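**Q** From the sequence below, what's the structure:
(chains A and B)
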Amino acid sequence: DTAVSQTPKYLVTQMGNDKSIKCEQNLGHDTMYWYKQDSKKFLKIMFSYNNKELIINETVPNRFSPKSPDKAHLNLHINSLELGDSAVYFCASSQASQGAEAFFGQGTRLTVV
Amino acid sequence: AQSVSQHNHHVILSEAASLELGCNYSYGGTVNLFWYVQYPGQHLQLLLKYFSGDPLVKGIKGFEAEFIKSKFSFNLRKPSVQWSDTAEYFCAVKRETNAGKSTFGDGTTLTVKP
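**A** Numbers count the residues shown, from 1 in each chain, chains lettered A, B, ... in the order given. A predicted model of the protein is given here:
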């Protein structure tokens, strides 16, 4: 069973479109995250939700809107896609408690053309 | 602002060579420290972590890391690397009071030549 699953794995779309990436975790964790990994492999946090509440919102354009319908799901919706949005997006989950590591999904490779 | 620095951006070794990857962080409070590995085309996986206790921690696949509090460092080591260790390695720091957020270093690409 996949612990953190993201769909789709690949997403190719045109500039200006709106797209969503879904994430689900079956680990019972209370915290979920979205990370963006650029072409240089740099990994930056975008959002973090704890028990469905937004707790971290890094400097991300407001075209990006996370939604957490329940604590096992954290979806990412992106409006008006731009070329610079092309990256690999990783969902992750963890317990917020001390020492808890993050478990990552397989990633979604988004290509905006 | 907290930062995590990985000094080596790209390391190239031959099989059986010893490995040490540097990681320093700038936060002075209580932290949890992690090393993650990302094999080509895959997601990040935990190699090892330091939470408390013995500052020398052992992880999977023969990796170990040592937390030196006075140096704000958590360097990753392996005595003898294998070709299959070729991957991207990320150091991450999780602050005690930062709602579970982990800050990642910029990563080190390790290439092991057979």
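
**Q** what's the distance between the closest residue to B:C91 other than its chain neighbours and B:F104?
**A** Leaving aside its chain neighbours, B:C91 sits nearest to B:C23 (3.5 Å; criterion: Cβ to Cβ, 6 or more residues apart in numbering or on different chains). (C-beta placed from N, C-alpha, C; glycine too.) Counting by Cβ to Cβ, to the nearest Å, the separation of B:C23 from B:F104 is 10 Å.

**Q** Name the residues that touch the least confident helix or strand in chain A by mean pLDDT?
**A** In chain A, no helix or strand scores lower on mean pLDDT, DSSP states H and E than strand A:53-57, which sits at a mean of 80. Outside strand A:53-57, the residues that touch it by Cβ atoms under 8 Å, 6 or more residues apart in numbering or on different chains are A:31, A:33, A:45-49, A:66, A:68, B:99-101.

**Q** Go again with 10 Å.
**A** For strand A:53-57, the external contacting residues (Cβ atoms under 10 Å, 6 or more residues apart in numbering or on different chains) are A:31, A:33-34, A:45-50, A:64, A:66-68, A:71, A:74, A:96, B:98-101.

**Q** thought the residue nearest to B:C91 was touching B:Y89?
**A** Yes. Applying Cβ atoms under 10 Å, one finds B:C23 in contact with B:Y89, separated by 9.1 Å.

**Q** returning to what we had before: the residue nearest to B:C91 - how many residues pack around it?
**A** 26 (other Cβ atoms under 10 Å in any protein chain shown).

**Q** got the contact list for it?
**A** Residues near B:C23 by Cβ under 10 Å, 6+ apart: B:4-8, B:33-35, B:65, B:67, B:72-76, B:89-93, B:105, B:108.

**Q** excluding its backbone neighbours, what's nearest the closest residue to chain B within chain A?
**A** Nearest to chain B, among the residues of chain A, is A:G99, at 3.3 Å (Cβ to the nearest Cβ). Excluding the flanking residues, the one nearest A:G99 by Cβ to Cβ, 6+ apart is B:F51, at 3.3 Å.
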